[in-house]
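Trainee: Take this sequence and fold it.
(4 chains)
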Number of protein chains: 2
Amino acid sequence: MKLDPRHLEILAAIVEAGGLTEGAALLGKSQPSVSRSVSLLEDRIGEPLFLPTRRPLQPTELGLALAQEGQRILDAGRHASRLVNDYRQGLAGAVRVAGTPIFMDGVISSVIAEFQAEHPNIRIDQSYGYPAELLSKISNETLDVAILPIRPADVSEEYEFRQILPGRNVIACRVGHPLARKKEVRLEDITEYSWIAPPANSPLFRDLRNTLDGIGVRELKISFTGGSLSAVLNVMTGSDSLTVLPFSVVFMMQRQNTLTSLPIKIGDPDRHLGCVTLRDRTMSASSGRFLGFVERKFELLDRLICKA
Amino acid sequence: MKLDPRHLEILAAIVEAGGLTEGAALLGKSQPSVSRSVSLLEDRIGEPLFLPTRRPLQPTELGLALAQEGQRILDAGRHASRLVNDYRQGLAGAVRVAGTPIFMDGVISSVIAEFQAEHPNIRIDQSYGYPAELLSKISNETLDVAILPIRPADVSEEYEFRQILPGRNVIACRVGHPLARKKEVRLEDITEYSWIAPPANSPLFRDLRNTLDGIGVRELKISFTGGSLSAVLNVMTGSDSLTVLPFSVVFMMQRQNTLTSLPIKIGDPDRHLGCVTLRDRTMSASSGRFLGFVERKFELLDRLICKA
DNA sequence: GATCAATATAACCTTGAGTTATGAAGCTCG
DNA sequence: CGAGCTTCATAACTCAAGGTTATATTGATC
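Mentor: As a prediction, this is how the structure comes out:
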């Protein structure tokens, strides 16, 4: 026979509170209400739940056993309520975030780490991708936030774009690189070293080509191409190779004293770094919280970078 | 916010069954009913529980988390239902049973052991007492079954009495007692040995006096008095003392080859052994089951005793 | 036995869960 | 890509039952 879980909850409250009136108060209901509910339950199961004519209301064996189950139901219910509250306030949930590999690994990952320290109940599902595919994932709602270098004008009305950093690339090399010691680096200096190229379909690769075109370099020795940031880093620190990287990435790496940038001016890309979300859809509270966190962190980072 | 536990149950069923229709079937409800319940729950918590427009219905993060709580509620409910069924069929519960010490320890305890082997979920609350007090405990419902030697005529209409053994006392001694070897024991033989007397307020003590009066014995050496059956047994087996015991107790002890009875005829008491319960009150199913078990076991025992 | 507190009952209203019938929207597959 | 099937949502209605306040009843207590 199926029992109404609410009846078991009421029973548990009465047993716990030690009386019908107190139990009703505990549940925030009126005394007659719980009285009748108990009667109904007793009628259904055909067994008494409380000893008759005992004023400090005393449960029967069965009453006590069922009250324990009721307690478990109450616990589960309370837990569920907490879950709901957490979700509504964005203190729990999941955020699906994606971005371009180099930038994700170089800058965003540490921001995510900070975020998770603050919000252990929010799960971050991180993935990598390039602008076109990420935008389509935003569209079909398999992604909540994309962090991309993009031309603001290229973002259609469907999306919402919040810039977090201006686009700025530099030529990077290992700390201790021969060129890094120089006061000024000339064009012909950099052509002497071999270069690392980012994956061919990445925006960074286009930036590299544009940059080199911009400063009049036609031919380069490409010693390494593709790979993740950590692969690039390993090659960089183990050789005198050069590459183009977002300044923010190099800035973060300077903290670990692994990379630095050459004192040579190259043109800034017209792409800016920002978060893309769907415009009309009401974002989940946890996504909103994540977004706000990222914006705050990058505001700080931007100021640090400007001072540097 | 308080959630309706039934909603969480429904959610759990849907997630488990993998669809709204299947979930409804699992719960034995109609599909529109659960559909509306889910909508209501979603409205209450203000968050979607299922991803929109995905046909193999897929729960959201929150939906999945709440479904887990729902599963716990379902489990508790099922457990509660099982409890109720067991109680109603007398397969679980508690029976408060009491009786006179010697008889309880000598005969009933082994019957209780057998009963518990068959019904591990029924708790036996055993206690000791003499007829008057036990009957009053039956009256005020602090006792379910009393097992007593009593004159059937003394049992008032308030109670129900089921005889399980006819009253029959014997003079008992240890196995290997000098008198036990004799074909026939005469009156003067038994007065030579010291005697063990049961507690002064027990029916057995009155039986002892009546018996000795009946066979014309006036004076006896009382070497030991009071104590439980095990105390009496220890004294008996370690000495040549005699005492009066119910034959059924001696019969059980014969199995362990500790006690035996003397071949001397003594008058049977007019008390008979039986179970006393309250007449009008509907007994708990477990008490009924226990009562039936005791009656069956004693029917067997009675036949064994008669053959002996 | 009078008094007080706790529980049960009564009368009423409202919610919501149950139903069947039916509409709308995805998926599947030729 | 549209027909057809399946699955979910909506509508309209009934009714069980939980919520309320007011009041009666019953144990406990002194």
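Trainee: Identify the residues contacting the closest residue to chain B within the stretch 151-300 of chain A.
Mentor: Residue nearest to chain B within the stretch 151-300 of chain A (Cβ to the nearest Cβ): residue A:284, separated by 8.1 Å. For the C-beta atoms, the positions are set from N, CA and C on the backbone; glycine is no exception. Taking Cβ atoms under 8 Å, 6 or more residues apart in numbering or on different chains as the contact definition, residue A:284 lies against A:87, A:90, A:93, A:95, A:144.
Trainee: So what sits opposite residue A:126 in the bridge?
Mentor: Beta-bridge partners for residue A:126, by DSSP bridges, are residue A:97.
Trainee: looking at it, it is touching residue A:104, isn't it?
Mentor: Yes: assessed by Cβ atoms under 8 Å, residue A:126 is found in contact with residue A:104 at 6.9 Å.
Trainee: quick one: the strands in the stretch 1-150 of chain A?
Mentor: Per DSSP state E, counting those that start in this stretch, the stretch 1-150 of chain A carries strands over the ranges A:93-99, A:122-128, A:145-150.
Trainee: Need the residues that contact the second one.
Mentor: It stands for strand A:122-128. With Cβ under 8 Å, 6+ apart as the criterion, strand A:122-128 contacts A:90-101, A:104, A:109, A:112, A:115-116, A:143, A:286, A:289-290, B:61.
Trainee: For the residue of the stretch 151-300 of chain A closest to chain B, grab phi and psi.
Mentor: Torsion angles at residue A:284 (phi, psi; degrees, to the nearest 10) stand at phi -70, psi 150.
Trainee: now, which of the contacts of residue A:284 sits nearest residue B:179?
Mentor: residue A:87 (86.3 Å; Cβ to Cβ).
Trainee: quick one: that closest one and residue A:80 touch, right?
Mentor: No: the pair residue A:87 / residue A:80 is not scored as a contact, 10.6 Å apart, by Cβ under 8 Å.
Trainee: one step back: more neighbours, residue A:126 and residue A:104?
Mentor: Applying other Cβ atoms under 10 Å in any protein chain shown to residue A:126 and residue A:104 shows that residue A:104 carries more neighbours, namely 21 against 15.
Trainee: So which bits of whichever helix in chain A runs longest are buried?
Mentor: Secondary structure of chain A per DSSP state H: the longest helix is helix A:61-88. For helix A:61-88, burial by neighbour count (16 or more other Cβ atoms under 10 Å in any protein chain shown) applies to A:61-63, A:65-74, A:76-77, A:80-81, A:83-84, A:86-88.
Trainee: Which elements pack onto it?
Mentor: Packed against helix A:61-88, as judged by 3 or more Cβ pairs under 8 Å, 6 or more residues apart in numbering or on different chains; DSSP states H and E, are the following elements: helix A:5-17, helix A:285-307, helix B:5-17, helix B:61-88, strand B:93-99.
Trainee: Is it possible to get CSV of these that adds distance to DNA strand C and mean pLDDT?
Mentor: Converted to CSV, the helices and strands packed on helix A:61-88 look like this (distance: least, Cβ to the nearest atom of the strand, whole Å; pLDDT from 0 to 100):
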stretch, distance to DNA strand C, mean pLDDT
helix A:5-17, 8, 93
helix A:285-307, 23, 92
helix B:5-17, 6, 93
helix B:61-88, 13, 94
strand B:93-99, 21, 93
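Trainee: what's the model's confidence in stretch A:103-111, averaged?
Mentor: Stretch A:103-111 carries an average pLDDT of 93.
Trainee: Send me it as PDB with only the CA atoms.
Mentor: The C-alpha trace of stretch A:103-111 is given here as PDB (Å, rounded to 0.1, in the frame of the first residue of the first chain):
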ATOM      1  CA  PHE A 103      43.900  32.100 -23.900                       C
ATOM      2  CA  MET A 104      41.900  29.600 -21.900                       C
ATOM      3  CA  ASP A 105      45.100  27.900 -20.600                       C
ATOM      4  CA  GLY A 106      47.100  31.000 -20.300                       C
ATOM      5  CA  VAL A 107      44.700  33.300 -18.500                       C
ATOM      6  CA  ILE A 108      41.100  32.000 -17.900                       C
ATOM      7  CA  SER A 109      42.100  28.700 -16.200                       C
ATOM      8  CA  SER A 110      43.500  30.600 -13.200                       C
ATOM      9  CA  VAL A 111      40.400  32.700 -13.000                       C
END
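Trainee: so how many other residues sit close to residue A:39?
Mentor: Neighbours of residue A:39 under the rule other Cβ under 10 Å: 11.
Trainee: How confident was the prediction at it?
Mentor: pLDDT at residue A:39 comes out at 92.
Trainee: how far away is the most centrally placed residue in chain A from DNA strand C?
Mentor: With the centre of chain A defined as its mean C-alpha position, the nearest residue by Cα atoms, centre = their mean is residue A:124, 4.2 Å away. From residue A:124 across to DNA strand C, the span is 27 Å (Cβ to the nearest atom of the strand, to the nearest Å).
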